Each structure stands twice: as C-alpha cells, then as structure tokens.
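Q: With the sequence up front, the predicted model follows.
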Amino acid sequence: MSHEPITDLSKLCIHTITTKPWAIEEAAKNFAAAGVKGITVWRDTLAGRDIKKTGDLLRAHDLSIVSLCRGGFFPSIDKTKRQAAIDDNRKAIEEAHQLGTQLIVLVCGADPAQSLEDSRQQIQDGIEAVLPEASAAGVRLAIEPLHPMYADTRSAINTLAQANDMTEAINSPWVGVAVDVYHLWWDPNLEQEIKRCGNNEALFAFHICDWKSPTVDMLNDRGLMGEGCIPLKKIRSWVEATGFDGFREVEIFSTEYWQQDQSQFLQKIITGYKNHA
C-alpha cells in the first residue's frame with residue numbers, strides 16, 4: 001500500500017535542523033512557499049524570540065507545528081546534573097506549550113561513567129518526574145531510540161524494543177516513541193516492534209532520511225531519501241499498517257547540505273520525498 005510514489009506534500013514535515021542555515025522565520029516562509037505543511041522546531045531556533053509569537057508566525061504560514069526538539073539527556077552520575085536536566089525538560093514543556101505544539105521528542109542521553117542499565121533507570125525516573133507538567137500542558141513525550149553508536153553519551157535507549165519496554169513500564173498516554181529510520185533501519189525486529197507500539201497507541205512520530213554508504217561522519221552525514229541503503233518505503237508501510245497517519249518528518253544532519261544553497265536543497269528534499277520516502 002505504501003510503495004507508490006507520494007504525489008502531494010500534505011504529510012511532509014521538515015525539521016529546522018535540516019535547513020540549519022535558515023533562521024526559523026526564513027524556514028517558515030520558504031517551507032510554506034514550497035507547499036510543505038509541517039515543521040518541527042529545534043529549541044536553538046527559538047533563542048531570543050517570543051515563543052508564542054513565533055508559533056503564531058508558523059501557523060500564519062499554514063504550517064502545523066509537529067513537535068519540539070529536543071528534551072531528554074537525563075542520565076548523569078552527578079545528582080545535580082540529573083536535577084538540572086529535569087528542570088530543563090520542564091522548561092522544554094513550557095516552551096512547547098507556548099509554541100503551540102503537543103509533542104516533544106526526547107533524545108534521552110547516557111553517561112559513559114556508569115552502566116547503560118543505570119542510565120536507562122535515570123531516563124525512566126526523569127521522564128516520570130516531568131510527567132505531571134507534561135500532562136498539565138497537554139504535551140506528549142516521545143522517546144527516540146538512537147543508533148547504538150551513540151550509546152556512550154547520546155542515548156542509552158538504542159532499540160525500539162527498549163523504547164517500547166520503557167513506554168509500557170511508565171504506562172502513561174503522554175509517553176510514546178519516535179521512530180527514526182536512521183537509527184532503526186538495521187534492527188531485525190523492527191517490523192514487530194513498530195507493530196507493538198502501534199498496538200499500544202504509542203507511535204507518536206516518524207522521522208526519515210537515508211544512510212549513505214560510505215558514511216564519512218557518523219553524526220553529520222545523513223543522506224536525502226533515496227541516496228542510501230535504508231528501505232524507506234518498506235518501513236513506511238509498517239508504520240502506516242499501525243494506523244499511523246501523522247507527518248513524515250525529514251530530519252537530515254549534513255555538513256555537506258548545510259554548505260549548499262538551501263533553496264536548492266529544499267527542492268532536493270521534496271524530490272527525494274516524493275520519489276523515495
């Protein structure tokens with residue numbers, strides 16, 4: 001059902017980090033002019049701005065504010081740092097509320113000075129600590145598992161199974177998962193774990209890009225859809241089989257593309273999205 005080319009942009013969302021050289025006002029104007037209907041806002045783009053007015057500006061361009069990136073980074077061997085992370089996540093929830101989005105994506109964090117198990121417990125504790133604020137603000141929290149190469153500092157949640165386990169343990173309608181193909185495409189259990197979070201109504205977000213081969217930078221060399229080896233249409237079919245009808249969010253970290261003309265890059269994103277996503 002999902003192997004046909006995409007013919008419209010009604011479900012296309014682009015992260016502000018994807019077109020990093022553009023200020024959020026410029027991104028909003030250009031996304032809207034190109035027919036893009038969704039935007040995910042990275043918190044750094046809000047610095048020095050009136051967040052509520054920024055949200056109004058985005059909606060004035062007929063853009064759905066799909067989510068705010070990012071919360072998380074809960075673990076630390078230092079109790080003071082753990083509390084600072086919880087406070088920052090509470091701040092992110094307030095920012096999401098002011099912006100007018102109902103979802104925060106969590107890059108959960110890890111501390112290489114302790115075991116992954118300890119980091120995971122601190123992640124769960126941190127999420128549970130901010131749940132009262134999240135539910136009061138009407139903001140859902142999406143645990144995003146990251147590729148195992150980031151298990152040292154970026155995330156101790158490295159498989160969708162681990163994210164699903166934690167979501168089920170927390171057992172709140174305000175906590176679910178974000179499926180990012182860059183981090184999960186390699187997982188032999190991916191189809192069944194996508195089905196699992198779909199059955200739990202916990203599939204909150206779907207992020208797309210491609211894995212270039214060879215990859216020259218493990219953080220900032222993501223590819224356009226169709227430029228690498230990720231079976232994007234197959235994974236999309238699994239996501240849509242759950243009943244997920246949300247946006248397909250293009251999230252590309254790329255030093256190469258950030259150095260290019262961003263208007264031309266935007267057209268490449270749209271072409272890749274239509275033909276390969």
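A: Nice, I can see it. Predicted model, so just to flag it, every value in this text is computed and none were measured. Numbers count the residues shown, from 1 in each chain.
Q: Tell me which residues touch residue 153, please.
A: With contacts defined as C-beta atoms under 8 Å, 6 or more residues apart in numbering, residue 153 is in contact with 109-112. Backbone N, C-alpha and C define where each C-beta goes, glycine included.
Q: quick one: residue 252 from residue 77, how far?
A: Here the criterion is C-beta to C-beta, to the nearest Å. By it, residue 252 lies 33 Å from residue 77.
Q: swap in residue 213?
A: In this structure, residue 213 and residue 77 are separated by 36 Å, where distance is defined by C-beta to C-beta.
Q: neighbour-wise, which of those two wins?
A: In this comparison of residue 213 against residue 77, neighbours counted by other C-beta atoms under 10 Å, the higher total goes to residue 77 at 13 against 9.
Q: which helices and strands does the strand ranked longest in the chain pack with?
A: In terms of residue count, the longest strand belonging to the chain (DSSP state E) is strand 64-72. For strand 64-72, the contact count by 3 or more C-beta pairs under 8 Å, 6 or more residues apart in numbering; DSSP states H and E identifies strand 12-15, strand 38-42, helix 51-60, helix 79-99, strand 103-107 as packing neighbours.
Q: ranking these by burial, who's on top?
A: Each of the helices and strands packed on strand 64-72 was assessed for mean neighbour count using mean count of other C-beta atoms under 10 Å. The highest is strand 12-15, with a mean of 26.
Q: Quick one: list the elements packing against that one.
A: Contact here means 3+ C-beta pairs under 8 Å, 6+ apart; on that basis strand 12-15 packs against strand 38-42, strand 64-72, strand 248-250, helix 262-276.
Q: which secondary structure elements does the last one contact?
A: With contacts taken as 3+ C-beta pairs under 8 Å, 6+ apart, helix 262-276 sits against strand 12-15, helix 24-34, strand 248-250.
Q: In JSON lines, list those along with mean pLDDT and distance to residue 124.
A: As requested, those are arranged in JSON lines below (pLDDT from 0 to 100; distance: least, C-beta to C-beta, whole Å):
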{"stretch": "strand 12-15", "mean pLDDT": "98", "distance to residue 124": "26"}
{"stretch": "helix 24-34", "mean pLDDT": "98", "distance to residue 124": "32"}
{"stretch": "strand 248-250", "mean pLDDT": "98", "distance to residue 124": "25"}
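Q: what about the helices in the stretch 101-250 of the chain?
A: For the stretch 101-250 of the chain, the helices defined by DSSP state H, counting those that start in this stretch cover 116-137, 160-170, 181-184, 190-199, 232-241.
Q: who touches residue 18 in this structure?
A: Here residue 18 is in contact with 250-252, 269 (C-beta under 8 Å, 6+ apart).
Q: from these, which two are the most distant?
A: The span of those, defined through C-beta to C-beta, is set by 251 and 269 at 10.8 Å.
Q: Count residues in the vicinity of the residue lying closest to residue 149 once chain neighbours are set aside, would you?
A: Spatially, and ignoring its direct neighbours in sequence, residue 149 is nearest to residue 218 (5.6 Å; C-beta to C-beta, 6 or more residues apart in numbering). Residue 218 is surrounded by 10 other residues when neighbours are defined as other C-beta under 10 Å.
Q: same thing with residue 9?
A: Around residue 9 sit 17 other residues, with neighbours defined as other C-beta under 10 Å.
Q: same question, residue 100
A: Residue 100 has 16 neighbouring residues, counting by other C-beta under 10 Å.
Q: cool, the one 10 residues further on as well?
A: Other residues within reach of residue 110 by the criterion other C-beta under 10 Å amount to 27.
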